[in-house]
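Q: sequence? don't have it. structure:
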DNA sequence: CCTTGACCCTCCAGTTACTGGAAGGACTAT
DNA sequence: ATAGTCCTTCCAGTAACTGGAGGGTCAAGG
């Protein structure tokens, strides 16, 4: 298969596939004409990568997961560890975004959003910091 | 004030403050010795930036917000528009993360996480795609 | 044989918002 | 003079691609 074929079948852009080769996630053969020549197994790896990335795993996590996937003597505990760490990071990100969201939604709801200059959003952003703590 | 002072008072790293100057968000004076010399107004802008960034606004949004903040004839509608767009992007991100989270949490809960190789997480990532669509 | 068009190649630059570090000048205290 | 802290600029790196230039390859049609 040429790169266009695996691109269509994996759903990954050709650019991304070349990038994955560059960083060593896949090692497709080469045809005599210099084109990359992908096997079903390469395609399988790419699909794996596509899914792992869709779940938000970092590239380096994907590398580890691929290695574990290929390792018949792996311990599922190692996989679970990676997934749980990632889950925790996702939870942190969600919490942070929800906190932003709450503040922002409040500010938005306070703003008339008309043609007058008064704006609680800017007021809040520009408010002087309350400096807590006495002389040092 | 030198950069160390505004760094402490704004909570922004000195590196970040230099970066903000480089991209034109602030224009501190210079002392004869070449040091940046920050006014209270510079500090105010930096605090504004720190808050806006903490709410997740992109740098270019911050630039627009600062301009509106300085513009007495602004319309609050412009500010609200920026904030609402940002809110929508945050909501999209949260939704995406929650979707990832759901899938991932399910997979994690299915994985024994012991010393045996069987792993539903890897099984899922490596599962063959169901190809929908007939011959072409 | 030539052309057209789709496909492929490599290499370089840009994205976002910083962050780290090297190399060196300035200022303060002793 | 010296040590230590602060400041300067400049360069490189981060994460994971993405866009584009410049050019080779291949299959179909005339």
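A: All right, it came through fine. Computed from a prediction, not measured in an experiment: that's the story for all the values here.
Q: Residue A:95 should be in a helix, yeah?
A: Yes: counting by DSSP: H, G, I helix; E, B strand; the rest coil, one finds residue A:95 located in a helix.
Q: Just the pLDDT at it, thanks.
A: The per-residue pLDDT reported for residue A:95 equals 96.
Q: Disregarding residues adjacent in the polypeptide, which is nearest to the residue nearest in space to the middle of chain A?
A: Chain A has residue A:56 as the residue nearest its centroid, 4.0 Å off, counting by Cα atoms, centre = their mean. Nearest residue to residue A:56, sequence neighbours excluded (Cβ to Cβ, 6 or more residues apart in numbering or on different chains): residue B:100, at 4.8 Å. C-beta: built from backbone N, CA, C; applies to glycine.
Q: what helix or strand does the one you found sit in?
A: helix B:76-110 (DSSP states H and E).
Q: Quick check: which helices or strands does that helix pack against?
A: helix A:76-110, helix A:120-126, helix B:59-70, helix B:120-126 (3 or more Cβ pairs under 8 Å, 6 or more residues apart in numbering or on different chains; DSSP states H and E).
Q: what about the residue nearest to residue A:90 when sequence neighbours are not counted, neighbour count?
A: Closest residue in space to residue A:90, ignoring its immediate chain neighbours: residue B:101 at 5.1 Å, by Cβ to Cβ, 6+ apart. Residues near residue B:101, counting by other Cβ atoms under 10 Å in any protein chain shown, number 19.
Q: Can you name the residues of chain A that neighbour DNA strand D?
A: Contacts of chain A with DNA strand D, taken as Cβ under 7 Å from any atom of the strand, map to A:13, A:15, A:16, A:19, A:31, A:32, A:33, A:34, A:53, A:58, A:59, A:60.
Q: Count the neighbours of the third one for me.
A: When you say that, I think you mean residue A:16. Residues near residue A:16, counting by other Cβ under 10 Å, number 16.
Q: And what about it, helix, strand or coil?
A: helix.
Q: so residue A:25 sits right up against residue A:64, yeah?
A: No: assessed by Cβ atoms under 8 Å, residue A:25 is found out of contact with residue A:64, at 11.2 Å.
Q: related to what we said a few turns ago, assign the residue nearest to the centre of chain A to helix, strand or coil.
A: coil.
Q: Test my guess that it contacts residue B:102.
A: No: at 11.9 Å, residue A:56 does not count as touching residue B:102 under the criterion of Cβ under 8 Å.
Q: what's the offset of the helix holding residue B:100 from the middle of its chain?
A: Computed by Cα atoms, centre = their mean, to the nearest Å, the chain-centroid distance of helix B:76-110 equals 13 Å.
Q: measure the residue nearest to the centre of chain A to residue B:95 for me?
A: Going from residue A:56 to residue B:95 by Cβ to Cβ, to the nearest Å gives 13 Å.
Q: again, but for residue A:71
A: Between residue A:71 and residue B:95 the distance, using Cβ to Cβ, works out to 35 Å.
Q: which non-adjacent residue is nearest residue A:47?
A: residue A:10 (5.2 Å).
Q: nope, residue A:18 is what I meant
A: Per Cβ to Cβ, 6+ apart, closest to residue A:18 is residue A:3, 7.2 Å.
Q: quick one: contacts for the one you found?
A: A:14, A:17, A:18, A:35, A:36, A:38 (Cβ atoms under 8 Å, 6 or more residues apart in numbering or on different chains).
Q: Model confidence at it, what's the number?
A: 97.
Q: Please apply the same query to the one 3 residues further on.
A: On pLDDT, residue A:6 comes in at 97.
Q: Done for today, thanks.
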